[in-house]
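# whatever this is, show me its structure:
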Amino acid sequence: MAEDDQRLYETARAAQGLAARKRRRKARAAPRERGAAAREPAAPSAAQRAGRRAEEHARRYLQARGLIILARNLRGRTGEIDLVAADSGVLAFIEVRQRRSRRYGGAAASVNRGKQGRLIRTAQYFLPGLKRRYFGGATPPCRFDIITVEPQGLAWIKDAFRE
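Coordinates of the predicted model:
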């Protein structure tokens, strides 16, 4: 019986090896591209271009007021933070919102509780690295700001919400 089992295992191992070799050969012969990652990056949409312009405008505005921009577009599993800046020893996580009109409450109203929660979780994710890199490991005071870019102009809402 043990001899039959041994022969069965050897046959199965040989079949698995053959199948693995076939898969490798097939993969080398015709590499396939899968999903969105395989495609060439699409050109940014009009909304994405407008968002980038708004973020750039906000960055210049904050730098002109003495803030030091530490990071841009920090992306994590829980969300994205548009700008991170140092403002007199305070670490500011900044959300930039752009709207063409004030209908439906305008840009500031679009940062609802759900968005605030995502920003807080994303900031918590990046805070250890930021404090190590820019604050010598000490946890600085933190705040969440919103920059709104609307036809009426740019507005900076400091300490817009709290954790």
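# does residue 92 belong to a helix or a strand, and which?
Element membership for residue 92, per DSSP states H and E: strand 90-98.
# just checking, what packs against that strand?
Applying 3 or more CB pairs under 8 Å, 6 or more residues apart in numbering; DSSP states H and E, we find strand 90-98 packed against helix 46-64, strand 79-87, helix 106-109, helix 113-134, strand 142-150. All C-beta spots, glycine's among them, are computed from the backbone N, C-alpha and C.
# how many residues are close by the residue nearest to residue 68 when sequence neighbours are not counted?
Once flanking residues are discounted, residue 68 sits nearest to residue 86: 4.5 Å by CB to CB, 6 or more residues apart in numbering. Residue 86 has 17 neighbouring residues, counting by other CB atoms under 10 Å.
# same check on residue 116?
Residue 116: 17 neighbours (other CB under 10 Å).
# ditto for residue 132
By other CB under 10 Å, neighbour count at residue 132 equals 11.
# separation between it and residue 115?
Using CB to CB, to the nearest Å, residue 132 is found at 27 Å from residue 115.
# repeat for residue 6
63 Å.
# do residue 122 as well
Per CB to CB, residue 122 is found 10 Å from residue 115.
# and those two? which has more neighbours close in?
Using other CB under 10 Å as the criterion, residue 122 and residue 115 rank with residue 122 on top: 19 against 15.
# what's the local residue count around the closest residue in space to residue 54 that isn't next to it in sequence?
Counting by CB to CB, 6+ apart, residue 54 lies nearest to residue 98, which is 3.7 Å off, once chain neighbours are set aside. Number of residues near residue 98 (other CB under 10 Å) recorded here: 20.
# I appreciate the help and will end here.
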